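K.L.:
Fold the stuff below for me.
(one chain, ligands or ions: 1)
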Amino acid sequence: MCDTKEKTMRIAVLTSGGDAPGMNAAIRAVVRTARVNGIEVFGVRRGYAGLIAGDLIPMDLRTVSDIIHRGGTKLYTARSKEFEEDNGMRAALKTCIDYQIDGLVVIGGDGSFRGALDFSRLKEKNGEPCKGLPLCIGIPGTIDNDIGCTDYTIGYDTSLNTIMDMVDRVRDTTESHDRCCVIEVMGRHAGFLALNAGIAVGATTILVPEFKYDIQHDVIDRMRRTQNTGKEHFIIMVAEGVAKDIEGGVEALARKIEAETNVESRAVVLGHVQRGGAPTCKDRVVASIMGNYAVKKLLMKGIGNRVVCMKNEKVFDLDIEEALKMTKSLDRELYDISYEISI
Ligand code: F6P
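P.N.:
Just a heads-up that it's a prediction; the model follows:
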């Protein structure tokens, strides 16, 4: 007698790379969309490392209650070197086969999408695709907003608002003491956070890795010019990607500024406060839409190897490989505006 009962679809969801506020909202949307449509869901803990170790937990409607408003990720996250190796990937595949996982949603940055792409290309010895390889979908989640295929990445808005709030506080004390404060914000390779938060806090100068800068011209001379117009306190915003190229980092820059301008200076590295905290409304909404899209518009239709993207507020999807080739540039006009008005 043959069994004609169709297998229930099973998917897994993981968060990978640096965490970002809103990841929980995305997990919730993936799980809820799947469950209400009769799909079984597993949460993989600690990203690809958890997939290798077989650290999966069943997820249900109530497993994702009370997380939409929380920063971090309920599923924990990690950067797995092991997953970059063939053995690691094969161990992850074994987990997918053991759990009969048909689809995998990866919430993370472009490194995590590259992992998903390599995973989807895993071949048997004879060159045929491996049996049991799940359909992979990427959802962009990183505070850096540095994924080329999408205007927006989950976590970016929360981080911008945190930076703005923190710098407003720094500004109070900077102003009280007639000082200069050099502030380093995250963004290893990208200046989206520095530029947009910098304009929001009225930074005198913003240094980002994408645009050429000259410390003498853009920081010292500019401060002197504004001093001549009566300005007595200054915020200098520096992206992490620039700070690492300055010998001695932002501390050394603050000392140089003090020596050359006579304005007492301090350096503040905002650090990981920028990555935590309750997600903003925008991050919760975008994450919910993207999580729903990944399941309903893609996995449920048997579509894999796609990244969920957003352009002009509209959500759509792209082939992972194509998506990874795409770049986006920092808004030069915005940079020029900030230069003109922060005087
Ligand atoms: O999430 C991306 C990012 O915020 C980068 O801007 C930063 O360089 C990096 O994470 C630091 O992450 P970690 O301290 O977790 O290695």
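
K.L.:
Near the ligand, which residues of this protein are found?
P.N.:
18, 142, 143, 144, 186, 187, 188, 240, 275 (CB under 6 Å from any ligand atom). For every residue, glycine as well, the C-beta is placed using N, CA and C.

K.L.:
could you redo the last one with a cut-off of 5 Å?
P.N.:
Listed as neighbours of the ligand in the chain under the rule CB under 5 Å from any ligand atom: 18, 144, 186, 187, 188.

K.L.:
hey, where'd the strands end up in the stretch 101-250 of the chain?
P.N.:
103-108, 135-140, 180-185, 205-207, 234-239 (DSSP state E, counting those that start in this stretch).

K.L.:
Out of these, which is the most enclosed?
P.N.:
strand 103-108 (a mean of 30; mean count of other CB atoms under 10 Å).

K.L.:
Give me the angle between that strand and strand 135-140.
P.N.:
20 degrees (axes from the mean of the first three to the mean of the last three CA atoms, to 10 degrees).

K.L.:
Give me the contact list for strand 103-108.
P.N.:
Strand 103-108 is contacted from outside by 9-17, 23, 26-27, 30, 47, 51, 73, 77, 96, 112-113, 115-116, 119, 134-142, 154, 291, 294-295, 299, 304, using CB atoms under 8 Å, 6 or more residues apart in numbering.

K.L.:
can you check stretch 78-86 too?
P.N.:
16-17, 46-52, 88-89, 91-92, 111, 115, 118-119.

K.L.:
list the contacts for the nearest residue to residue 181 once chain neighbours are set aside?
P.N.:
Computed as CB to CB, 6 or more residues apart in numbering, the closest residue to residue 181 that is not its neighbour in sequence is residue 174, at 4.5 Å. Counting by CB under 8 Å, 6+ apart, residue 174 makes contact with 180, 181, 233, 234, 235, 266.

K.L.:
switch to 10 Å and redo it
P.N.:
By CB atoms under 10 Å, 6 or more residues apart in numbering, the contact list for residue 174 reads 167, 180-181, 183, 232-235, 263-266, 268.

K.L.:
now do residue 238
P.N.:
182-185, 187, 191, 194, 198, 203, 205-208, 213, 219, 244, 246, 249-250, 253, 267, 269.

K.L.:
Report how many residues lie close to residue 79.
P.N.:
As a burial measure, residue 79 scores 18 neighbours (other CB atoms under 10 Å).

K.L.:
what's the answer for the one 5 residues further on, then?
P.N.:
Residues within reach of residue 84, counting by other CB under 10 Å, total 14.

K.L.:
ditto for residue 10
P.N.:
Residues near residue 10, counting by other CB under 10 Å: 17.
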